[in-house]
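K.L.:
What would the 3D arrangement of this be:
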Amino acid sequence: MLRLRGCWTLDAERPDLQTVWRESARGLARVRLDAGQVEAWDSSLLAAIRCLERLAEAAEVTLERHALPAGSERLLEMAAASPVQVDAAPRVNQGAVARIGQHGLAGLAALANACQFVGEVLIGLARLARGRATTRASDFWLALQQAGPGALPIVALIAVLVGLILAFVGAAQLQAFGAQLYVANMVAIGMTREMGALMTAVIMAGRTGAAYAAELGSMQANEEVDALRTFGFSPLEFLVLPRLLALLVSLPLLCVFANALGILGGFIIGAGLFDISAPLYLKQSLEMLSLTDFLLGLFKSLVFALLIGLIGCYCGLTSGRDAQAVGRATTRAVVSIIVALVISDALITLICTQWGI
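P.N.:
I've put the predicted structure just below:
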């Protein structure tokens, strides 16, 4: 019999168990381990018992545990349990046709999930219109502050620079014909119809769309989304709708702001490098602009806001459960949003050209 007594803690002095085993248990068929006189213990006691079990197993000796402290038996069982390993399925070399089919099926599944998400968003908007959604006004105002006033500095900087570039490139070409005055036409139309909405949306994709994907992805990884479902809250109404509505309100206003600053940037080039007077530049810009151009830019900004909000939130809610998955979801959101922005802008421009708008 081996008796353990006294304190078996990390700061207590412990005997050399291998020496004790060699001196007292060699040649025996059965050893009884008694820990009834242990006064204090921690993981050191468990490590000592596991060490004695390994020594007994190596010597083909039966070790019987007796009078262990309360709770230690369960801990020893957990330490001795080995995780069940599931054998991985053998990897089969697939042909090109099989790989294409698998990618096609995965794409169809992703498309079905995206369509389901859009449908749930539409249902949530209908519930919100009837006043039955669980969306909080405070969440909307917080998201609006982040997506609106918080984005003004970067939008202003990019809009002025885009206006400068458009005016400089256009005026350098028009100067050869003595028509540098028409740079005002090009900047005004280019900013209101295309560049104002598109550049603002690209900025919001990298700023707000990525933030939505990261925020919701982190909540998914921390099981906060599951907690909302457990308490009976709809994650879509509670998390997605405030962010989507904030973008629908803020992006058109940012687009108008970008249009004005882009025209200002064109004026800086026209007046500073090509001696175009301010009244003449402003008159030429206003003569070329129409309400149709202005409304078309606003319509594009609304479409872009929908794409940024939906894709950013969808990538966040479909993220995995670890930090790497959140990073991948954020990257996927930004890339997907920018691709969707360019494609939608091209389609809208093509349709408007065909209709003579």
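
K.L.:
and the residue nearest to residue 113 when sequence neighbours are not counted, what are its phi and psi?
P.N.:
Distances taken as Cβ to Cβ, 6 or more residues apart in numbering put residue 318 closest to residue 113, at 7.1 Å, once the chain neighbours are dropped. (Glycine included, C-beta is placed from N, CA and C.) The phi/psi pair for residue 318 (degrees, to the nearest 10) reads phi -100, psi 20.

K.L.:
Tell me the predicted confidence for residue 318.
P.N.:
Looking at residue 318, its pLDDT reads 85.

K.L.:
What about it, how many residues nearby?
P.N.:
Neighbour count for residue 318, taken as other Cβ atoms under 10 Å: 18.

K.L.:
Hmm, it is touching residue 114, no?
P.N.:
No - here residue 318 does not reach residue 114: they are 9.1 Å apart, not a contact under Cβ atoms under 8 Å.

K.L.:
any idea how far the residue nearest to residue 113 is from residue 134?
P.N.:
21 Å (Cβ to Cβ, to the nearest Å).

K.L.:
Could you list every helix and strand in contact with the helix or strand hosting residue 315?
P.N.:
Assigning secondary structure by DSSP states H and E places residue 315 in helix 291-317. Counting contacts by 3 or more Cβ pairs under 8 Å, 6 or more residues apart in numbering; DSSP states H and E, helix 291-317 is packed against helix 96-129, helix 196-204, helix 210-221, helix 241-273, helix 323-355.

K.L.:
tell me which element the closest residue to residue 219 other than its chain neighbours is part of?
P.N.:
Using Cβ to Cβ, 6+ apart and skipping the chain neighbours, the partner closest in space to residue 219 is residue 225 (5.3 Å). Residue 225 belongs to helix 224-230 when elements are defined using DSSP H and E.

K.L.:
packing partners for that helix?
P.N.:
helix 235.

K.L.:
Just to check, the residue nearest to residue 219 is in contact with residue 235?
P.N.:
Yes - here residue 225 reaches residue 235: they are 4.9 Å apart, a contact under Cβ under 8 Å.

K.L.:
Now list whatever residues contact both of those two.
P.N.:
residue 317 (Cβ atoms under 8 Å, 6 or more residues apart in numbering).

K.L.:
sorry, back to before: right, and the helices and strands packed on helix 291-317 - which one's nearest residue 13?
P.N.:
helix 323-355 (42.5 Å; Cβ to Cβ).

K.L.:
Quick check: buried residues in the closest one?
P.N.:
By 16 or more other Cβ atoms under 10 Å, the buried positions in helix 323-355 come out as 326, 328-330, 332-334, 336-338, 340-341, 344-345, 348-349.

K.L.:
Specify the angle between it and helix 291-317 in degrees.
P.N.:
160 degrees (axes from the mean of the first three to the mean of the last three Cα atoms, to 10 degrees).

K.L.:
Residue 145 should be in a helix, yeah?
P.N.:
Yes - counting by DSSP: H, G, I helix; E, B strand; the rest coil, residue 145 is part of a helix.

K.L.:
Offset the numbering so it begins at 49, please.
P.N.:
In the new numbering, first residue 49, that becomes residue 193.

K.L.:
domain ranges for the chain?
P.N.:
50-128, 167-403 (automatic domain parsing).

K.L.:
quick one, which of these is packed in tightest?
P.N.:
Among the domains of the chain, ranked by average contacts under mean count of other Cβ atoms under 10 Å, first place goes to domain 167-403 (a mean of 19).

K.L.:
And it, how far out from the chain middle?
P.N.:
18 Å (Cα atoms, centre = their mean, to the nearest Å).

K.L.:
end to end, how far does that domain reach?
P.N.:
Distance between the two ends of domain 167-403: 30 Å, counting by Cα to Cα, to the nearest Å.
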